[in-house]
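1. just need the structure, nothing else, for what follows:
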Amino acid sequence: MNSRLYTLLEAHQRIDGQLHLEQQRRWKDWFRIARLKKLKLRVKDLIRRQSLQAGRT
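-> Presented below is the predicted three-dimensional model:
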């Protein structure tokens, strides 16, 4: 696993933790939840691309 992929996996996990905490709050910030979900999907796409590139080499 290269360092770029590892960094993306860490970011994905960190975003997931933030999302989970925000969803557990009594007064949820729906805008922040939506933003975190979009960011998490963007990072997931980058992980997939990085994995495919690593598989080709």
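
2. who's the closest spatial neighbour of the residue nearest the centre of the chain, skipping the chain neighbours?
-> Compute the mean C-alpha point of the chain, and by CA atoms, centre = their mean the closest residue is H12, 2.7 Å away. Sequence neighbours aside, V43 is the residue nearest to H12 in space, at 4.7 Å (criterion: CB to CB, 6 or more residues apart in numbering). C-beta coordinates here come from the backbone N, C-alpha and C atoms, glycine included.

3. host element of the one you found?
-> helix 30-56 (DSSP states H and E).

4. roughly how far out does that helix sit from the chain middle?
-> Chain-centre distance of helix 30-56: 5 Å, with CA atoms, centre = their mean, to the nearest Å.

5. 40 is where my numbering starts, stick with that
-> Okay, using 40 as the starting number, the last item reads as helix 69-95.

6. list the buried residues for that helix?
-> 75, 79, 82, 85-86, 89 (16 or more other CB atoms under 10 Å).

7. nearest residue to R43 other than its sequence neighbours?
-> Q89 (5.8 Å).

8. can you tell me which residues contact the one you found?
-> By CB atoms under 8 Å, 6 or more residues apart in numbering, the residues touching Q89 are 41, 43-44, 47.

9. who wins on neighbours among these?
-> L47 (20 neighbours; other CB atoms under 10 Å).

10. still on that earlier bit, can I get the contacts of Q89 in CSV with pLDDT?
-> Shown next, in CSV, are those (pLDDT from 0 to 100):
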residue, pLDDT
N41, 86
R43, 92
L44, 93
L47, 96
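
11. quick check: the residue nearest to H51 touching D55?
-> No: applying CB atoms under 8 Å, one finds V82 not in contact with D55, separated by 9.5 Å.

12. quick check: S42 vs D55, distance?
-> For S42, the distance to D55 equals 20 Å [CB to CB, to the nearest Å].
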